[in-house]
Each structure stands twice: as C-alpha cells, then as structure tokens.
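Trainee: output the structure for:
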Amino acid sequence: MNNKEKVFELSEKYIDFCNTTENVDVDVLEGTTASGKTTIGAGVKFMEMVSLSRKKEHIIAARTTGVAEKNIINQDNGILDIHKNAVYCGNGDKDHKFPHIKFENKIIYVLSYKNKDQWENALGGQYGCVYIDEGNIADIDFVREILTRNDYLCITLNPDDPNLPIYDEVINHARPYKKYAKDVPNEIMKELNKVEPKKNYRYWFFTFYDNKGLTEEEIEKKKTVAPIGTKLYKNKIQGLRGKATGLCFNLQPKNIITLEEAKQMKFKLFSVGCDTSYSKESHDKVTLEGIGITTDNKCVLLKERTFNNKDRTIPFAPSDVVQWIVEFMEEFKNEWGFARTCFIDNADQGTIMEANKAKRQNALVYNFENAWKKTKIITRVQLQESWLNTGDFLIVETCKDYIDECNKYSFDEDNQPEDGNDHSINGCQYAWLPHKKKIGNWEVIKKLIKDEEE
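Mentor: Next up is the predicted model:
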C-alpha cells in the first residue's frame, strides 16, 4: 500500500487472499457475519486488482447504489476510508453519467444489479475488475452478462437459498486452496463438489477469527446474539447457506431425535406420502416420506427417500416410481411397522394409475390413494408449526433432505408459502393429513387454527 492508504492488521488467510493476484479469475467469499469479507474483498483485494489492471473501466455492483454507498464506499474501513486518493461521484459527472469512483486515473462504475435498465445501459464493453456484493441474490442475467465482460470477478455471498441458479452456474465451480480447505464447512464443501471445478475459480470461507479487528470479547458477544440451533445461528454464526428470514418453520434442536429415541416410542399407526416431479430442468424431486403417530399423539417422520431426474442419462418414469414406492413401504414395514396406504400427489394421476395397475397385476397388499389436499397449504404450515412448538412433531435425524427443506422453505413476497423447497415437506404432509386429528391436542388446535375442510 502507498502512503495515502489506510493500514490495518490482516489475518494470515486474508494476507494470502490479497496476495493471490495471479492465476485467479474469480474469487468467491462466503462466511460468518462480521468476518470482514466486504472490507477486505472490496476495499483491499478488489482495489488492488483494479490498480494492477491495464483496463480503465471497472464495476462495483450491489443490490442498490445506496447499499453500495453505505456498505462498501462510505463506511469506516470502506473504499474512501482506506484509499484517500479515491473520489466518489455519486451523481456522475460530465464525462460519466453513472455513479462512479475515480481511482488512479481509472473509473469504477457503481451499479444496481436489481435495476435492469441501469446495468443494461452501462454494460457496453470489456471491463477489468468487477466486484459483486451479495452476488448470490443478484439478477442472474446480470451475472451471466458480466462474466463475459471482465478479467477478474470478486463476489461475496449472503446465506441465501443454495438452490438458486447462480450456485451451480458460478459459485460452486470455485475451490479453496489446500491450505484452507479444512476451514470450509462440510455442508458447503458438499455443495461445491456437486459441480466440476473451473480453472482459476477460488473459494474462500471467512469467520470472525479471520477478522483481526474483533477482540475475543466482541466475538463471544456476537455469538450470543442468535440462540444455538436456530436458523439465524446457522446463517450468521456458522456462515452456512439457507434463507435467513421469512422461514415457514422454526426448527429447533428439540424437534430432531435420534433413531434410538424413535425406536423407544410406541406407535398406533403408520402412513406414507409421496410427492412427485419428473423434471430434468430443476432440483425438483420425487420424495417418499414415512411417518408414525405415537400413542401419545406425536407425529414422527421416521424415514425418507428422494430421487431427482436432473442428472440422469435415462430419466425415470412413473413405473420406476411405483417400484420405489413398494420397495420403500416394504423397508418401512420391516424397520418400523405396516403402513397400508401411500398417499400420492393427486396432480400426478399417471403415477397413481401406474400404482393401481401394479396392485392389480401383483396382488399388492398396499393401497395407493390421492393425497388429501382440501386443507390449504397455509393451514398445513400453521398446523405443523404449532406441533413443532408443542413438541408434537418430531423428525429422525437421518431425514436430512426434509430437515434441509425446513431450513429453506420460506414465505414469498405475497406472504404465502413459496412454491419451491417443499417436495419432502409435501410428501410428509400427504402422509399425515388424513390423520391430523390424531396429532397433538386437536380439540385445542381446531379452535386456534381454522381448517376449511372441517
């Protein structure tokens, strides 16, 4: 840094990050809150790459230009604080109509990736370096466009839905250096490994402890803000992916039990639900969910199985799904108990017809019926959230797909449960809907939650 730049202490990992200026096309930064990703990513590494670039024009993109000004440019340890020779023209000037930073005879445009008119007008040539703040929630068309127009991209992430297209198109192609691979949580490493690595795409996971500006006391104070086991704790304190706000379910540690704990319970009935999707273009899936209802009226998700067509060379068909349903119900019978009926998504009459054909041809003991859907989706969410709160809805810890969906399933902008991240949830609902009056204290629940089916 020159004598016009602010000097502050960096951790070894951040020093390595900033010194890695060759053989890197994309830097992906993820991690906990208050880990310094924005300060070091934008204020140090990005500006260093701009300084090294032979191109004149560069870009900073955020949700809005106001967010960029507040969090990247003007804050303490922001770009203007670190680089005293940088000048911000928030209203543009006679030569450049867009907001921009003047730095070392170079121009850094400041854009909103949510403002399509703005970024479409701005993107007209090749740029040296691009910084995208919270890039996983950026307009995917903007990201696709910008990837073809830069030499270097630095992108920070917030803990949003890892099923967004940008993850498999860009983010998950990045890999950590061996020195820091152990710092990446296993949950995220599994996500990265779902796609092939791309040359010169680098992944960095930062935590509180990489931020030398925090004392031990400050770190411990931040850790206590979110209760352990909550979604907020997972996102902010652990730095793991998943929507942080607007979740339909508040899954708590008390709702998740071990196989051994479930085996000690006494069940009065068992049921299986199946949600279906045959799409090759999405992460939608076929889900099989087996529940048991205990003698003291607790609903327990005991077993699950999921299938996805996306990466299959030969797509599966309804006949395949029927075979899987029967196999699942046989396994469930031997492991837990006999569930006579599988309730199948009634939007998928093809699978139901195929199942009943198999029943006739093979004299199967199982029944295959339409899912009970008279109870509205929002009412189902209310019922389940009520049972979770009273400890009357439990999930065996091996049902990881279901748990993962509960940690993502959110309300949309119209305050309705989203149409996504719900296939395991739907399959489970189909299993318990016919038996909902046997779960929890129904006499109390029906007075609090109005069900149009009643």
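
Trainee: any weak-confidence spans in the stretch 251-400 of the chain?
Mentor: Counting by pLDDT under 70, the stretch 251-400 of the chain shows low-confidence ranges at 278-284, 309-313.

Trainee: where along it do the helices fall?
Mentor: 259-263, 318-335, 349-362, 377-390, 400-406 (DSSP state H, counting those that start in this stretch).

Trainee: which parts of the helix or strand that the last one is followed by are buried?
Mentor: Spelled out, it's helix 400-406. Downstream of helix 400-406, the first helix or strand assigned by DSSP states H and E is helix 423-432. If you call a residue buried by 16 or more other C-beta atoms under 10 Å, then helix 423-432 has these buried ones: 423-432. The C-beta positions use only the backbone N, C-alpha and C, and glycine is treated the same way.

Trainee: what does stretch 155-168 rub up against?
Mentor: Stretch 155-168 is contacted from outside by 26-30, 37-38, 41-42, 131-138, 140, 143, 170-171, 191, 194-195, 234-236, 239-244, 283, 408, 410, 420-421, using C-beta atoms under 8 Å, 6 or more residues apart in numbering.

Trainee: and the end-to-end length of that stretch?
Mentor: Using C-alpha to C-alpha, to the nearest Å, the gap from the first to the last residue of stretch 155-168 comes to 14 Å.

Trainee: helix or strand for the residue nearest the centre of the chain, which one?
Mentor: Most central residue of the chain, judged by C-alpha distance to the mean C-alpha position with C-alpha atoms, centre = their mean, is Asp161 at 2.5 Å. Using DSSP H and E, Asp161 maps to neither a helix nor a strand.

Trainee: do you know the pLDDT at it?
Mentor: The per-residue pLDDT reported for Asp161 equals 77.

Trainee: next one: the nearest residue to Trp442 once chain neighbours are set aside from Trp372, what distance?
Mentor: In this structure, Trp442 finds its nearest non-sequential neighbour in Lys436, 7.5 Å apart by C-beta to C-beta, 6 or more residues apart in numbering. Using C-beta to C-beta, to the nearest Å, Lys436 is found at 9 Å from Trp372.

Trainee: looking at these two, which one has more neighbours?
Mentor: Neighbour comparison, Lys436 and Trp372: the larger count goes to Lys436, with 23 against 17 (by other C-beta atoms under 10 Å).

Trainee: what's that one sitting at in phi/psi?
Mentor: Listed backbone geometry of Lys436 is phi -60, psi -30, with angles given as degrees, to the nearest 10.

Trainee: the stretch 1-150 of the chain: helices as residue ranges?
Mentor: Under the criterion DSSP H, counting those that start in this stretch, the stretch 1-150 of the chain carries helices at the ranges 12-19, 37-40, 47-52, 65-68, 79-82, 116-122, 140-147.

Trainee: out of those helices, indicate the one that is most buried.
Mentor: With neighbours defined as mean count of other C-beta atoms under 10 Å, these peak in mean count at helix 37-40, which reaches a mean of 24.

Trainee: and that helix, what's its mean pLDDT?
Mentor: Predicted confidence along helix 37-40 averages 96 (mean pLDDT).

Trainee: packing partners of that helix?
Mentor: With contacts defined as 3 or more C-beta pairs under 8 Å, 6 or more residues apart in numbering; DSSP states H and E, the packing partners of helix 37-40 are helix 12-19, strand 26-31.

Trainee: burial of the closest residue to Phe393 other than its chain neighbours, as a residue count?
Mentor: Sequence neighbours aside, Trp387 is the residue nearest to Phe393 in space, at 3.6 Å (criterion: C-beta to C-beta, 6+ apart). In terms of burial, Trp387 registers 22 neighbours under the definition other C-beta under 10 Å.

Trainee: quick one: which of the buried residues of helix 423-432 is nearest to Asp76?
Mentor: Asp76 has its nearest neighbour among these in Ile425, at 42.8 Å by C-beta to C-beta.

Trainee: tell me who's in contact with that closest one.
Mentor: The neighbourhood of Ile425, defined by C-beta under 8 Å, 6+ apart, consists of 402, 405-406, 409.

Trainee: of these, closest to Glu218?
Mentor: Using C-beta to C-beta, those come closest to Glu218 at Cys406, 31.7 Å.

Trainee: residues in contact with the closest one?
Mentor: Cys406 makes contact with 248-249, 251, 395, 425 under the criterion C-beta under 8 Å, 6+ apart.

Trainee: I'd say Ile257 and Val396 touch.
Mentor: Yes - the pair Ile257 and Val396 passes the contact test of C-beta atoms under 8 Å, sitting 6.0 Å apart.

Trainee: show me the contacts for the residue nearest to Trp442.
Mentor: Contacts were defined as C-beta under 8 Å, 6+ apart; by that measure Lys436 touches 375, 383, 442.

Trainee: kindly report the same for Trp372.
Mentor: Under the criterion of C-beta under 8 Å, 6+ apart, the contact list for Trp372 reads 343, 430, 433-434, 453.

Trainee: out of those residues, which are buried?
Mentor: Looking at the contacts of Trp372 with 16+ other C-beta under 10 Å, the buried ones turn out to be 343, 430, 433-434.

Trainee: got JSON lines for these, with distance to Glu217 too?
Mentor: Listed next are the buried ones among the contacts of Trp372 as JSON lines, based on distance: C-beta to C-beta, whole Å:
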{"residue": "Phe343", "distance to Glu217": "54"}
{"residue": "Tyr430", "distance to Glu217": "50"}
{"residue": "Leu433", "distance to Glu217": "50"}
{"residue": "Pro434", "distance to Glu217": "54"}
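
Trainee: biggest separation within the residues you listed, which pair?
Mentor: With distance counted by C-beta to C-beta, no two of the buried ones among the contacts of Trp372 lie farther apart than Tyr430 and Pro434, which are 8.5 Å apart.

Trainee: before we move on, back to that, any idea which of the helices of the stretch 1-150 of the chain scores lowest on pLDDT?
Mentor: Of all these, mean pLDDT reaches its minimum on helix 116-122 (a mean of 88).

Trainee: related to what we said a few turns ago, name the residues contacting each of Tyr430 and Pro434.
Mentor: 343, 372.

Trainee: burial count for Ile314?
Mentor: Ile314 is flanked by 7 other residues according to other C-beta under 10 Å.

Trainee: and it, how far from Ile59?
Mentor: Counting by C-beta to C-beta, the gap from Ile314 to Ile59 is 43 Å.

Trainee: could you chop the protein up by domain?
Mentor: Per automatic domain parsing, the structural domains of the chain span 12-230, 253-448.

Trainee: could you work out the end-to-end span of the shortest one for me?
Mentor: It stands for domain 253-448. End-to-end distance of domain 253-448 (C-alpha to C-alpha): 25 Å.

Trainee: gap between that domain and the chain center?
Mentor: The chain centroid and the centroid of domain 253-448 are separated by 22 Å under C-alpha atoms, centre = their mean, to the nearest Å.

Trainee: equivalent analysis for the first one, please.
Mentor: Here the centre of mass of C-alpha atoms in domain 12-230, compared against the chain's by C-alpha atoms, centre = their mean, lies 18 Å away.

Trainee: next, count neighbours for Gly391.
Mentor: Other residues near Gly391 number 12, with proximity taken as other C-beta under 10 Å.
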